[in-house]
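*Asks:* model the following, please.
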Amino acid sequence: MKKKVGACLAIGFFLLALWGVVLGQSREASVSTESNPGRMLALSSGGGIKQSFHHPTRADCPQDAILPRKELTDIEWQTMWYPDAIGQRVELCYFAPYASNSVDCILVSPNSSGNISSFNGQLFDIDSNVELVYEADSATGTLSRQIENAVMIV
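*Replies:* Now for the predicted structure:
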């Protein structure tokens, strides 16, 4: 894979979060979302932060997914990165349905992908939320400035 820095236009690199949902006793389905966090404002007074949100709506769920209890079985994620960021971190946070505080956050690597089972057994339904939080301590060049995320070219 080649990596190239560029603006996130229609061909931009997107994040993908897949959730496994246990429906009923032994049926499984998955819900996927994608989100591009876009440019991050890096401030001279303290770095920058950018978030991407992944929350399913009723339309994202399979037609037969209207069962009483659904549990999270897996989160598959893919992150991007900000090449001009200094001290970059990414956290993956899970929010139960209608919750304003996260259940927990897990540190993941920028420009990587993986699977986590840390949230297995958590209630999952519409208005559950997975959030990727990108943080940077600073950025190259003169600050304050907008820094672009990387575009993947395969």
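
*Asks:* show me which helix or strand of this structure is least confident by mean pLDDT.
*Replies:* The least trusted helix or strand in the chain, going by mean pLDDT, DSSP states H and E, turns out to be strand 2-5, with a mean of 31.

*Asks:* could I get the buried residue list for stretch 105-115?
*Replies:* Under the neighbour-count criterion of 16 or more other CB atoms under 10 Å, stretch 105-115 has 108, 110, 111 buried. Any C-beta I mention is one placed from the backbone N, CA and C, and that applies to glycine too.

*Asks:* what sits against the second one?
*Replies:* To tie it back to what came earlier, the one meant is residue 110. 79, 80, 81, 82, 88, 89, 90, 134 (CB atoms under 8 Å, 6 or more residues apart in numbering).

*Asks:* below-threshold pLDDT in this structure: ranges please.
*Replies:* Filtered on pLDDT under 70, the chain yields the residue ranges 1-27, 58, 60-69, 151-154.

*Asks:* any idea how far residue 138 lies from residue 43?
*Replies:* According to CB to CB, to the nearest Å, residue 138 and residue 43 sit 9 Å apart.

*Asks:* these two: which has the busier surroundings?
*Replies:* residue 138 (18 against 15; other CB atoms under 10 Å).

*Asks:* residues contacting that one?
*Replies:* 42, 47, 85, 86, 87.

*Asks:* and what of residue 95?
*Replies:* Residues in contact with residue 95 (CB under 8 Å, 6+ apart) are 55, 101, 102, 103, 128, 129, 130, 131.

*Asks:* are any of those buried, and which?
*Replies:* Among those, those classed as buried by 16+ other CB under 10 Å are 55, 102, 128, 129, 130, 131.

*Asks:* looking at those residues, which are in helices?
*Replies:* Residues from the buried ones among the contacts of residue 95 lying in helices, with DSSP state H as the criterion: none.

*Asks:* take those and keep only those in strands.
*Replies:* Among the buried ones among the contacts of residue 95, DSSP state E puts 129, 130, 131 in strands.

*Asks:* would you reformat the residues you listed as a markdown table and include distance to residue 145?
*Replies:* Shown next, in a markdown table, are those (distance: CB to CB, whole Å):
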| residue | distance to residue 145 |
| --- | --- |
| 129 | 30 |
| 130 | 29 |
| 131 | 25 |
